[in-house]
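*Asks:* what shape does this take:
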Amino acid sequence: MKKIAIGIQDFKKLITDNYYYIDKTKIIYNLLISNNYYFLSRPRRFGKSLTLSMIKYLYMGEKELFKNTYIYDKRNFEETNPVVYISFASYNKFKDVEKFIKYNLNIYIEDKIYKIEDFVDEIDLGYLVKEIYEKTGKQVVVLIDEYDKVILTHLQDRKKAEYYREFFGAFYSGIKDADQYIKMFFLTGLTKILKMNIFSSLNNLQDISYDPFVYDIMGYTWEDIEKNFEEEIKEIAEQEGKEEKEIKDKIKLYYNGYNFGNSEDTIFNPWNINNLILKRNFQFYWSDTGIPSAIVDYIKEKNIDVVELVERINT
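*Replies:* Numbers count the residues shown, from 1 in each chain. Here you go, the predicted model:
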């Protein structure tokens, strides 16, 4: 019996500890064989970290993790690449950014993990990639999760936000001259901050956030839910003394509404669905944990009338 995962961001833990996983590797496979610079924005609790973790293990050659997935017999797992991985998801305003990067940025080469100071003396991503390539002879995979977290955290302090915008501009600037050393570059975040240096420097950074071919790379389609959680839906119906159709309609009423480029098929947030299946109780799970506090604080500080804003957008 598969377990339901709540908040697990490491793909290896998900598979080895026998948690439920709905296969998204066909979409990942198509990304790997086409353009190699990507940006993807999604709300919190949607699976960005898990997706990057999966890509990391693919390039590390961990074939057995993918045994029951689409990609298992499609990819040559013997061909591995060094992986630079960092997630800013755990950053908060009390942390020093440079120390955070030095502590949290990991470099995976075969079965060993290195830190940034093992290769370079300064925090420069382009320089780091070049050094790794020269020492390994292999192109480097760069995976950056929640790239915008630092700036969003300091959204109320304009001076600090501007400082960190410039800081990260310098951090990413070397990437534009490191193309020959890069196998894949994948950036995720909540938003696309257009004034960030990376978006002006990397003209080959493909924004796939609303690409219809990858609209369901994260989250569940209705077909996913019906196919994989049929027994659980039956149990919830019995628990509430209702017909299955009533429960399905209630799931749609509570949790439907995300659209990322496919007008005919909306996406359900996995945090909501997994919590529903695990707890057998209808609640607005995502809204309790997924709304960025920085945005809420900004709305409060500026006294923004959200209702008026929504009405203006809809007219």
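
*Asks:* output the contacting helices and strands for the helix or strand in which Tyr164 is found.
*Replies:* Per DSSP states H and E: Tyr164 is located in helix 158-173. Helix 158-173 sits against helix 97-104, helix 125-136, helix 149-153, helix 197-201, with contacts defined as 3 or more C-beta pairs under 8 Å, 6 or more residues apart in numbering; DSSP states H and E. Placement of C-beta: from N, CA and C, glycine included.

*Asks:* point out the most buried one among those.
*Replies:* Between the helices and strands packed on helix 158-173, helix 149-153 has the highest mean count of neighbours, a mean of 22, where neighbours are mean count of other C-beta atoms under 10 Å.

*Asks:* list the contacts for Phe282?
*Replies:* Applying C-beta atoms under 8 Å, 6 or more residues apart in numbering, we find Phe282 in contact with 250, 254, 276.

*Asks:* got the CA coordinates for the host helix or strand of the last one in PDB?
*Replies:* With the criterion set as DSSP H and E, the secondary-structure element containing Leu276 is helix 270-279. Output for helix 270-279, consisting of C-alpha atoms alone and laid out as PDB, is shown next (Å, rounded to 0.1, in the frame of the first residue of the first chain):
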ATOM      1  CA  PRO A 270      -1.300  18.300  -5.100                       C
ATOM      2  CA  TRP A 271      -1.100  19.700  -1.600                       C
ATOM      3  CA  ASN A 272      -4.900  20.000  -1.400                       C
ATOM      4  CA  ILE A 273      -5.600  16.600  -2.900                       C
ATOM      5  CA  ASN A 274      -3.000  14.700  -0.900                       C
ATOM      6  CA  ASN A 275      -4.200  16.200   2.300                       C
ATOM      7  CA  LEU A 276      -7.800  15.400   1.400                       C
ATOM      8  CA  ILE A 277      -6.900  11.800   0.600                       C
ATOM      9  CA  LEU A 278      -4.900  11.400   3.800                       C
ATOM     10  CA  LYS A 279      -7.200  13.200   6.200                       C
END
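
*Asks:* list the buried residues for it?
*Replies:* Going by neighbour count (16 or more other C-beta atoms under 10 Å), the buried part of helix 270-279 is 270-277.

*Asks:* relative to Arg45, which of these is nearest.
*Replies:* Nearest to Arg45 among those is Trp271, at 3.7 Å by C-beta to C-beta.

*Asks:* surely that closest one touches Trp286?
*Replies:* Yes. Counting by C-beta atoms under 8 Å, Trp271 touches Trp286, with 5.1 Å between them.

*Asks:* need the overlap of contacts for the two.
*Replies:* Shared contacts of Trp271 and Trp286, defined by C-beta under 8 Å, 6+ apart, are found at Arg45.

*Asks:* show me where pLDDT drops low in this protein?
*Replies:* Within the chain, the segments meeting pLDDT under 70 span 1, 35, 194-197, 200-201, 203, 263, 288-315.

*Asks:* strands along that one, start to end?
*Replies:* For the chain, applying DSSP state E gives strands covering 37-41, 83-87, 106-109, 112-114, 140-145, 182-189, 206-207.

*Asks:* parallel or antiparallel, which strands does the first one pair with?
*Replies:* Neighbouring strands of strand 37-41 in its sheet, by DSSP bridges, are strand 182-189 (parallel), strand 206-207 (parallel).

*Asks:* what's the most buried one of the ones you listed?
*Replies:* Highest mean neighbour count of the strands paired with strand 37-41: strand 182-189, a mean of 23 (counted as mean count of other C-beta under 10 Å).

*Asks:* just how off-centre is it within its chain?
*Replies:* 11 Å (C-alpha atoms, centre = their mean, to the nearest Å).

*Asks:* what do you get for stretch 237-244?
*Replies:* Chain-centre distance of stretch 237-244: 35 Å, with C-alpha atoms, centre = their mean.

*Asks:* same question for stretch 80-92.
*Replies:* Worked out by C-alpha atoms, centre = their mean, stretch 80-92 lies 11 Å from the chain centre.

*Asks:* sorry, back to before: got a list of contacts for the helix holding Leu276?
*Replies:* 4-7, 45-47, 218-220, 225, 229, 232, 236, 251, 254-255, 282-286, 289-290.

*Asks:* out of these, which are buried?
*Replies:* When those are checked against 16+ other C-beta under 10 Å, the ones flagged as buried are 4-5, 45-47, 218-220, 225, 229, 232, 236, 251, 254-255, 282, 285-286.
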